[in-house]
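Engineer: here are the coordinates; sequence isn't available:
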């Protein structure tokens, strides 16, 4: 079979001459076409239907488009643009919208704090009065050293040293690891030793901020800490 007969048989088979066959040299096409016709187009031990399925499986594994030889032959050759013109590029894909990160210290939507018996750290532990002020005067951060810087709520009455002169009685006040001997009239940060009795000490309370009396007495008994005594002026 010469070149003209080969080309005519190809046209009769596909209707056109595929580009890769048209570009092949004549002597190569004469040798290539019988093999191509026998194994790609003609019937063999493997039916054509199974060969098509094998091509689909191979295309799926290699992520390549699956086309049969007959379909490939029908694809016309597209000549390259003249003058070095560039082919139109595909429009760029729109970038995915990236959401802004939440601001620092923000509370996630729908979040609810579960205290589970613990104090809520987001609630002010100092209650407020109906007038909007604090229920009690805030305690200054800086306090003087010694007994003048001690709060009445911090003291524990360890004992009382009695004297024949009641004015010389002294109370042993324990604050942490420190022990102070206080007599009547000694001042604490928010109170004054008002009276030293047999087993208890009465403190007249004063405002920690204004240093003025607040018309309230606190009684500390031996071996205990501060507690408001019944019957005292409040």
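Structural biologist: In hand now; what should we look at? Note that the coordinates shown come from a computational prediction; the quantities given were computed from them, not determined experimentally.
Engineer: leaving out the residues flanking it, which one is nearest to residue 195?
Structural biologist: Spatial nearest neighbour of residue 195, excluding adjacent residues (C-beta to C-beta, 6 or more residues apart in numbering): residue 202 at 4.2 Å. Where you see a C-beta, it was placed from the backbone N, CA and C, and this is true even at glycine.
Engineer: correction: residue 206
Structural biologist: In space, residue 206 is closest to residue 213, 5.4 Å off (C-beta to C-beta, 6+ apart).
Engineer: list the contacts for that neighbour?
Structural biologist: Contacts for residue 213 (C-beta atoms under 8 Å, 6 or more residues apart in numbering) come out as 204-207.
Engineer: which ones among those residues map onto strands?
Structural biologist: Cross-referencing the contacts of residue 213 against strands under DSSP state E gives 204-206.
Engineer: one step back: ok, now how distant is the residue nearest to residue 206 from residue 191?
Structural biologist: 10 Å (C-beta to C-beta, to the nearest Å).
Engineer: may I ask you to name the longest strand in the chain?
Structural biologist: strand 213-221.
Engineer: how far does that one sit from the chain's center?
Structural biologist: 49 Å (C-alpha atoms, centre = their mean, to the nearest Å).
Engineer: list the buried residues for it?
Structural biologist: 214, 217-220 (16 or more other C-beta atoms under 10 Å).
Engineer: note down every partner strand of that strand and its orientation.
Structural biologist: Partners of strand 213-221 in the sheet, by DSSP bridges, are strand 200-206 (antiparallel), strand 226-227 (antiparallel).
Engineer: now stretch 10-20: average pLDDT?
Structural biologist: Mean pLDDT, stretch 10-20: 82.
Engineer: tell me the domain ranges of this structure?
Structural biologist: What automatic domain parsing lists as the domains of the chain is 3-74, 147-227.
Engineer: Throw those into CSV and include distance to residue 103, thanks.
Structural biologist: Shown next, in CSV, are the domains of the chain (distance: least, C-beta to C-beta, whole Å):
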stretch, distance to residue 103
domain 3-74, 43
domain 147-227, 36
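Engineer: between the ones you listed, which gets nearest to residue 120?
Structural biologist: domain 147-227 (22.9 Å; C-beta to C-beta).
Engineer: tell me how far that closest one lies from the chain's centre.
Structural biologist: 50 Å.
Engineer: avg pLDDT for it?
Structural biologist: pLDDT averaged over domain 147-227 gives 87.
Engineer: same question for stretch 29-41.
Structural biologist: 80.
Engineer: still on that earlier bit, what do residue 213 and residue 191 both touch?
Structural biologist: Going by C-beta under 8 Å, 6+ apart, residues that sit against residue 213 and also against residue 191 are 204-206.
Engineer: out of those residues, which one sits closest to residue 147?
Structural biologist: Of these, the one sitting nearest to residue 147 (C-beta to C-beta) turns out to be residue 206, at 14.1 Å.
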